[in-house]
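**Student:** Provided below for reference: sequence and predicted model.
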Amino acid sequence: MPDTLSLDEFSLDITPPGTCWKGWIHIGELPAGEPVRWPVVLHRGKQPGKVLLANAGTHGDEYEGIAALHKVARQLDPEAMSGTLLSIPILSPPAVTGGHRNGIWDNRNLARTFPGDADGLFTERIAYHFATRILPLADLYIDLHAAGTGVGIQTFIGCRVDEESDLVDTQRRASIATGMEIIWNTGGLPGRTLSAAWDAGVPALYTESPGNRTCDPDEVDTIVTAIMNLLRFLEILPGSYPTERPAFYFEDSRPAAGHMQDHHRSDVGGLFIPEVKLWDRVKEGQCLGNIYDPLGDVLQVISASLSGRVLTLRICPRVMPGEFTTVVVPFAE
Ligand SMILES: [Zn+2]
């Protein structure tokens, strides 16, 4: 078996039942001829069953998910599995190579590019190939994100809850099954991996971790536990998984409710100095932070538009007009 396959050559049965295949899928090349490839770890269970698809590295400066998929792969024994885990630890090689949110060769954000374009720029092609060749293989899909550079996020999991349907019910139960302590399910957003999964009828989840270019081992383990629980949820592994909602559970089905970049935006460019910390409880009207000008005068007070918990907070003070500062989610507590 060659260690690099074309998109046409790859399938879930390239490796025999009860084995693991580690290799690459060729997705293009650079002007000087360097190949660009997805790293792939395929655990095919001894017994047939469902398929869990997991990826990290949709953005290039988010590392916990990559480390978690590596750790899960080291723990799994395909002889003991009934079904398949298809893992792509780095979905956007151009972003991870550059260490940036966007692909470095076209400056496109993969999470705003779906469903992609077969003839488009590199990131658009990655989206197209993933949406058309990989996503349809899955019974359940999870995309592992983290806070990008200069932002802090309290670890949570989410899915789309635009409507009541069997798909949404499966997503909701799967999000609970992960055992993660905070669930924030929201209305859909275009361009994401999750919107491509939605269009394909594949139940899908996403996680966010503290990120900001860190890779805390405890945070990695939280994701490892979540993925192992999803393997039990799909009966790929034996065992039980959580079925009760965690204490911090909130749904907001309005379109784009989960678009963090829309929350508590700055009207002006300046330096945002927060008056709160991540995961603080805040009250409506409370000062979340101030935007200062270069002389140290306050240009804008950012006040909480609702009561709740600080789920996301701008850490790097530099803020441009229209950029978000803080996400507050009204968990019942
Ligand atoms: Zn991300």
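**Tutor:** Nice, thanks for sending it over.

**Student:** who are the contact partners of Tyr141?
**Tutor:** Tyr141 sits next to 52-54, 135, 193, 197, 202-205 when contact means CB atoms under 8 Å, 6 or more residues apart in numbering. (Glycine included, C-beta is placed from N, CA and C.)

**Student:** which residues does it form a beta bridge with?
**Tutor:** For Tyr141, the beta-bridge partners are Leu53, Ala204 (DSSP bridges).

**Student:** make JSON lines from the contacts of Tyr141 and add neighbour count and distance to the ion to it.
**Tutor:** Conversion of the contacts of Tyr141 to JSON lines gives the following (neighbours: other CB atoms under 10 Å; distance: CB to the ion, whole Å):
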{"residue": "Leu52", "neighbour count": "24", "distance to the ion": "20"}
{"residue": "Leu53", "neighbour count": "24", "distance to the ion": "17"}
{"residue": "Ala54", "neighbour count": "27", "distance to the ion": "14"}
{"residue": "Leu135", "neighbour count": "22", "distance to the ion": "17"}
{"residue": "Thr193", "neighbour count": "25", "distance to the ion": "10"}
{"residue": "Ala197", "neighbour count": "29", "distance to the ion": "15"}
{"residue": "Val202", "neighbour count": "21", "distance to the ion": "19"}
{"residue": "Pro203", "neighbour count": "24", "distance to the ion": "20"}
{"residue": "Ala204", "neighbour count": "25", "distance to the ion": "14"}
{"residue": "Leu205", "neighbour count": "27", "distance to the ion": "14"}
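
**Student:** pLDDT added to the residues you listed, as JSON lines?
**Tutor:** Listed next are those as JSON lines, based on pLDDT from 0 to 100:
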{"residue": "Leu52", "pLDDT": "98"}
{"residue": "Leu53", "pLDDT": "98"}
{"residue": "Ala54", "pLDDT": "98"}
{"residue": "Leu135", "pLDDT": "98"}
{"residue": "Thr193", "pLDDT": "97"}
{"residue": "Ala197", "pLDDT": "98"}
{"residue": "Val202", "pLDDT": "98"}
{"residue": "Pro203", "pLDDT": "98"}
{"residue": "Ala204", "pLDDT": "98"}
{"residue": "Leu205", "pLDDT": "98"}
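
**Student:** surely Val36 is in contact with Ile27?
**Tutor:** Yes: under the criterion of CB atoms under 8 Å, Val36 makes contact with Ile27 at 5.6 Å.

**Student:** overlap in contacts, these two.
**Tutor:** In contact with both Val36 and Ile27: Pro93, using CB under 8 Å, 6+ apart.
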